[in-house]
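>>> Sequence and predicted model, in that order:
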Amino acid sequence: MIACLALIASVGYSQGFFKPIGSLTYSENKRGVNDVWLIRPMVQLSAMQISLSSPATIAPLSSLGTGISYSKFVPKEDGDPYQVFSANLIVLFGTEVVEVAPLKLSIAGTVSLWQYLSVGLGYSFSDKNLFILSGIAWNFN
C-alpha cells in the first residue's frame, strides 16, 4: 500500500492525494466535454454481497473497506467538481461487531457511478470464493 501511495505521488495524477479537490483545471476531450481524471482515496460500505459458490448466499451489510479510485470529474454548473465515474480497488474487512470473530479479508474491483453507487466483483480469502458486490462508495473529493 505504501508503494502504491509513493507511485501515485510520483505520477502526479493525485493533485494532492489527501487534500480536498477544490477548483480543477479541466481539459476538453475528443467529444468536446470538459473533464479531468484523478486518483483519490475512498471507502466503501457493501450493501450486498452475493457469493458465486454453491449454494449462493447473500450477505447484507457484511463488510467495510478502503482503497483507491481512478475517477473522472466534470464541472457542475457552479464550477465545483462532480465525479461521474470511477474504477476502484478496495480491501474489505468483515463487520462482525457483536462478538470477537476471525478476520474476514476480501479484495474487490468495483465501478462507481454518480459519485456514490458502486458495483463490482471480489474475492474472499476467508471463504475462498468469488462474490458480486454492490454498495455505497465515498470518495474523498
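Happy to help now that I have it.
>>> and the gap between the most centrally placed residue in the chain and Gln49?
For the chain, the residue nearest the mean C-alpha position is Asn88 (3.8 Å; Cα atoms, centre = their mean). As judged by Cβ to Cβ, to the nearest Å, Asn88 and Gln49 stand 15 Å apart. For glycine as for every other residue, the C-beta is placed from the backbone atoms N, C-alpha and C.
>>> What of Ser106?
8 Å.
>>> got any residues that touch both of the two?
Common neighbours of Ser106 and Gln49 (criterion: Cβ atoms under 8 Å, 6 or more residues apart in numbering): Ser63, Gly122, Phe131.
>>> can you pull the contacts of the first one?
Translated: Ser63. Leu45, Ser46, Gln49, Leu92, Phe93, Gly94, Thr95, Lys104, Ser106.
>>> and the third one, what element?
What that stands for is Gln49. Using DSSP states H and E, Gln49 sits within strand 34-51.
>>> Report the next helix or strand after that strand in sequence order.
According to DSSP H and E, the helix or strand after strand 34-51 is strand 58-60.
>>> tell me which residues of that following strand are tucked away?
By neighbour count with 16 or more other Cβ atoms under 10 Å, strand 58-60 contains the buried residues Ala59.
>>> quick one: the next helix-or-strand element following it to chain centroid distance?
Counting by DSSP H and E, the element after strand 58-60 in chain order, helix or strand, is strand 63-75. In terms of Cα atoms, centre = their mean, to the nearest Å, the centre of strand 63-75 is set 4 Å apart from its chain centre.
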